[in-house]
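# coordinates only, sequence not included:
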Ligand code: CMX
């Protein structure tokens, strides 16, 4: 946006209050936009044209708003590799975390440790720290998987394998299927960014607007991602799918109706912005067809994809009855050999760190002609704000 005009974009009525800022235009975004029907586009490219590309090209695209040339891609891969070393103290600190807490809690702590032990300290330059964070996230997450799951000591990083290849190498997952590379690469690309206003991205940018460094901002963003209505919906969706015994349509329909009757959400369905099936869901169902078509849980997901929208459409308050990105991810990840659903939100975070970093860099250094977005400060209206008296002053309550 070149120059801000006076043009009204949104009219605020009382009914818009306490809606979690639904639809309020807050700022501009350069990495991606989400069309209600056509879904997310990264820098203008629809997501279903990007999922087959190498992950590094998409990371570069989100950071630089254009694809790299061959030479630029080579240099960028080298730069990520050079920045990727995680200090040993970070791994040592991760080893002290309690096994009973959720892997997302581990990841959030680990991002903080990266900040504590940032090589050369956090520079407080969001570009520098942001690239370091992107480059180091894979090793930290692989270590979390291995230490927490009892798979053994972390496996030394080989960053020349590329982000996804190195991650799979460092996981050393004993259960990995032959499809693990394709599944994780597409998962990584699909989850990197989703417009400017999703909760985790919004929170990360808000915290960075107070000039807390990127590690602190990303911890907050990942805390926002950890909720079951946001990033943890992939874990919840799989837990729900596992409660279903068969892919029989009538049985599944009955189960959904019972679930709604007791006030539970159907995870993997609905969206705050989308009003059609999320194109990422379509890509993921294609991925499932290619990698685990006959898997029992994936077959149940396919039945749900047919039945849930029919049922949710009967509840007019639900604005989008269609599958979102989480409708089938759990079953596909599980079939690929990632057998612990508790880790799925961490995988979401692995990817979303990229988009959030890119958006924080834009807000800090590009928006408002390079001045950056000022500290976030929306207004909340007090419900019991006293009236102004004749003097023009508020008639505050007096303690008796
Ligand atoms: N199952 C049951 N009820 C649902 C529903 C679903 N899948 N989706 C929406 N609703 C309900 C809402 O809870 C809300 O109820 P109340 O009016 O009683 O509060 C009503 O329908 C209207 O909601 P909406 O305007 O259609 O959707 P929201 O923007 O409020 O919420 C979302 C969006 C994603 C939180 C919601 O659809 C939901 O809870 N889905 C299930 C969880 C999920 O899959 N989340 C992952 C989303 C992707 C992501 O961010 O990672």
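Structure's in. What do you need? In this text the structure is predicted, and so the values were computed from the model without any measurement.
# Next up, the contacts around the residue in the stretch 301-400 of the chain positioned nearest to the ligand.
With C-beta to the nearest ligand atom as the measure, residue 319 is the residue of the stretch 301-400 of the chain nearest to the ligand, at 3.5 Å. Where you see a C-beta, it was placed from the backbone N, CA and C, and this is true even at glycine. By C-beta atoms under 8 Å, 6 or more residues apart in numbering, the contact list for residue 319 reads 270, 275.
# Can you say which helix or strand has it in it?
Of the helices and strands defined by DSSP states H and E, none includes residue 319.
# Nearest residue to residue 165 in space, please, no chain neighbours.
Spatially, and ignoring its direct neighbours in sequence, residue 165 is nearest to residue 181 (7.0 Å; C-beta to C-beta, 6 or more residues apart in numbering).
# Just to check, residue 91 is in contact with residue 154?
Yes - taking C-beta atoms under 8 Å as the definition, residue 91 is a contact partner of residue 154 at 5.8 Å.
# intersection of neighbour lists for the two?
residue 143.
# Show me which residues of the stretch 151-300 of the chain sit near the ligand.
Within reach of the ligand by C-beta under 6 Å from any ligand atom, the stretch 151-300 of the chain has these residues: 198, 229-231, 233, 260, 265-272.
# Let me see the contact set for the spatially most central residue of the chain.
What sits nearest the mean C-alpha location of the chain, by C-alpha atoms, centre = their mean, is residue 352, with 4.2 Å. Contact analysis of residue 352 by C-beta under 8 Å, 6+ apart lists 191, 192, 193, 200, 201, 221, 225, 231.
# mind running it again at 10 Å?
By C-beta atoms under 10 Å, 6 or more residues apart in numbering, the contact list for residue 352 reads 137, 188, 191-194, 198, 200-201, 204, 218, 221-222, 225, 230-231, 345.
# what's the answer for residue 124, then?
Applying C-beta under 10 Å, 6+ apart to residue 124 gives the contacts 118, 211, 212, 213, 214.
# From one end of stretch 205-222 to the other, what's the distance?
Start to finish, the residues bounding stretch 205-222 are 12 Å apart (C-alpha to C-alpha, to the nearest Å).
# cool, and stretch 224-244?
Stretch 224-244 has an end-to-end distance of 29 Å (C-alpha to C-alpha).
# and that stretch, what's its mean pLDDT?
Stretch 224-244 carries an average pLDDT of 94.
# And that stretch, how far out from the chain middle?
13 Å (C-alpha atoms, centre = their mean, to the nearest Å).
# again, but for stretch 269-282
With C-alpha atoms, centre = their mean, you get 15 Å for stretch 269-282.
# And stretch 262-279, by the same measure?
On C-alpha atoms, centre = their mean, the centre of stretch 262-279 falls 16 Å from that of its chain.
# tell me which residues in it are buried?
By neighbour count on 16 or more other C-beta atoms under 10 Å, the buried set for stretch 262-279 is 265-274, 276-279.
# Show me which of those residues is closest to residue 54.
residue 279 (20.1 Å; C-beta to C-beta).
# Right, and the ligand sits closest to which residue of the stretch 201-350 of the chain?
For the stretch 201-350 of the chain, C-beta to the nearest ligand atom, closest residue to the ligand: residue 270, 2.2 Å.
# Confirm for me that that residue is in contact with residue 312.
Yes - with contact defined as C-beta atoms under 10 Å, residue 270 counts as touching residue 312 (7.2 Å).
# what sits in contact with each of the two?
Taking C-beta under 10 Å, 6+ apart as the contact rule, residue 270 and residue 312 both touch 318, 319, 320, 321, 322.
# quick one: which of these is nearest residue 56?
residue 322 (31.5 Å).
# mind checking how far the closest one is from residue 13?
28 Å (C-beta to C-beta, to the nearest Å).
# And for residue 173?
From residue 173 to residue 13 the distance is 51 Å (C-beta to C-beta).
# same check, this time on residue 5
The value you get for residue 5 to residue 13, if C-beta to C-beta is used, is 22 Å.
# and the longest helix seen in the chain, which residues are buried?
Longest helix of the chain, by residue count under DSSP state H: helix 126-149. For helix 126-149, burial by neighbour count (16+ other C-beta under 10 Å) applies to 126, 129-149.
# Next: stretch 178-187.
Using 16+ other C-beta under 10 Å as the test for burial, stretch 178-187 gives 179, 180, 182, 183, 184, 185, 186, 187.
# Over to stretch 369-388?
Neighbour counts using 16+ other C-beta under 10 Å place 372, 373, 376 of stretch 369-388 among the buried residues.
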